[in-house]
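**Student:** with the input below, show me the fold.
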Amino acid sequence: MFSYTFMQNAYLVGTLIAIVSGFVGVFTVARRMSFFAHTLSEIGFAGASFGLFMNWSPLLGMLLFTILAAISIGQLGLQEKRSESVISAVSAVAIGLGIAFLALSQKNASAATGILFGSIFSISQENVWEVLLLALLVLVVGLWLFRPLRHFAFDFSSAVFSLKHVLLVEMLFLVLMATTVAVSAQVVGSLLIFILMILPASAAMRWGRTVWQMIGLAIGFALIGVWVALALAYYTNVPVSFYIAIIEAGIYFASLVNVKK
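**Tutor:** Numbers count the residues shown, from 1 in each chain. Now for the predicted structure:
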């Protein structure tokens with residue numbers, strides 16, 4: 001299996017994405033922004049479609065749309081009561097734009113399927129370098145901002161008053177989320193990105209006692225899902241995203257049972 005270059009690339013990219021998704025996912029769940037992460041995935045669909053329309057890399061289009069959307073919505077104020085309505089409206093527009101750009105680009109059905117559900121086995125060497133650079137960027141910035149991010153995500157009500165430059169921290173966090181969504185879509189697609197960002201982190205927060213324990217468990221759960229799913233997909237010819245969804249959902253439900261005990 002590992003003698004094939006496409007499997008080597010798939011495991012390398014999958015590992016990087018699992019680490020980034022687990023790390024950022026903990027802060028996303030703690031800040032109760034899972035719904036926003038799902039919205040960014042739909043915006044990413046529009047961005048990837050726009051990339052195809054412009055003959056760009058879909059990843060570049062996703063980065064452009066998700067980062068701009070994250071910053072714009074963040075400036076409107078996620079803490080306001082109207083935020084859910086704003087996010088829902090943006091999500092609806094994004095889906096419409098994605099469908100329009102796909103139609104205008106005149107790409108075949110496989111291109112749309114790759115955007116929606118991922119195409120990790122077709123990752124090129126250039127894509128590997130793109131994912132590597134973006135993953136390292138997210139991790140470096142995330143570690144640099146770890147203390148303010150922890151305060152911002154786990155105790156937002158006091159962070160508003162005690163954390164310096166809280167709006168800047170919020171903007172940077174939203175950019176990290178957007179970048180993670182764009183990168184992670186390479187594995188599970190734009191519509192299923194919440195699987196890797198939200199489910200491992202949600203399960204980890206039920207077992208972990210400290211933030212670092214939660215991050216470690218979230219990364220571990222994401223790695224298990226990606227590694228096992230890639231192997232199963234290779235031998236069964238069933239999409240990777242299906243196995244990741246089943247594995248991560250199973251881990252999450254197991255965490256619910258464990259908490260009840």
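**Student:** CA atoms for contacts and neighbours, from now on please.
**Tutor:** OK.
**Student:** Three-state assignment for residue 164, please.
**Tutor:** With DSSP: H, G, I helix; E, B strand; the rest coil as the basis, residue 164 sits in coil.
**Student:** how close does it sit to residue 236?
**Tutor:** Applying CA to CA, to the nearest Å, the value for residue 164 to residue 236 is 52 Å.
**Student:** ignoring the adjacent residues along the chain, who's closest to residue 186?
**Tutor:** Excluding its sequence neighbours, the residue lying closest to residue 186 (CA to CA, 6 or more residues apart in numbering) is residue 118, at 5.3 Å.
**Student:** from residue 10, how far out is the residue nearest in space to the middle of the chain?
**Tutor:** Nearest to the geometric centre of the chain sits residue 181, at 3.1 Å (CA atoms, centre = their mean). Shown here: residue 181 relative to residue 10, a distance of 17 Å by CA to CA.
**Student:** likewise residue 3?
**Tutor:** Residue 3 is 12 Å from residue 10, by CA to CA.
**Student:** more neighbours, these two?
**Tutor:** residue 10 (24 against 7; other CA atoms under 10 Å).
**Student:** what about that one, distance to residue 60?
**Tutor:** 19 Å.
**Student:** packing partners for the helix or strand that contains residue 152?
**Tutor:** Per DSSP states H and E, residue 152 falls inside helix 146-154. With contacts defined as 3 or more CA pairs under 8 Å, 6 or more residues apart in numbering; DSSP states H and E, helix 146-154 has these neighbours: helix 5-30, helix 156-162, helix 166-188.
**Student:** got the ones you listed as JSON lines, with distance to residue 240 columns?
**Tutor:** Listed next are the helices and strands packed on helix 146-154 as JSON lines, based on distance: least, CA to CA, whole Å:
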{"stretch": "helix 5-30", "distance to residue 240": "10"}
{"stretch": "helix 156-162", "distance to residue 240": "36"}
{"stretch": "helix 166-188", "distance to residue 240": "7"}
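**Student:** nearest to residue 53, of these?
**Tutor:** Among the helices and strands packed on helix 146-154, helix 166-188 comes nearest to residue 53, with 17.2 Å by CA to CA.
**Student:** quick one: the helix or strand following the closest one to chain centroid distance?
**Tutor:** Using DSSP H and E, the helix or strand that follows helix 166-188 towards the C-terminus is helix 193-207. Distance of helix 193-207 from its chain centroid, counting by CA atoms, centre = their mean, to the nearest Å, is 11 Å.
**Student:** what of stretch 177-184?
**Tutor:** Mean-position distance between stretch 177-184 and its chain equals 5 Å (CA atoms, centre = their mean).
**Student:** in the helix or strand hosting residue 220, what's buried?
**Tutor:** Using DSSP H and E, residue 220 sits within helix 211-236. Residues of helix 211-236 classed as buried by neighbour count (16 or more other CA atoms under 10 Å): 211, 214-227, 229-233.
**Student:** surely residue 20 meets residue 141?
**Tutor:** No - with contact defined as CA atoms under 8 Å, residue 20 does not reach residue 141; the gap is 11.4 Å.
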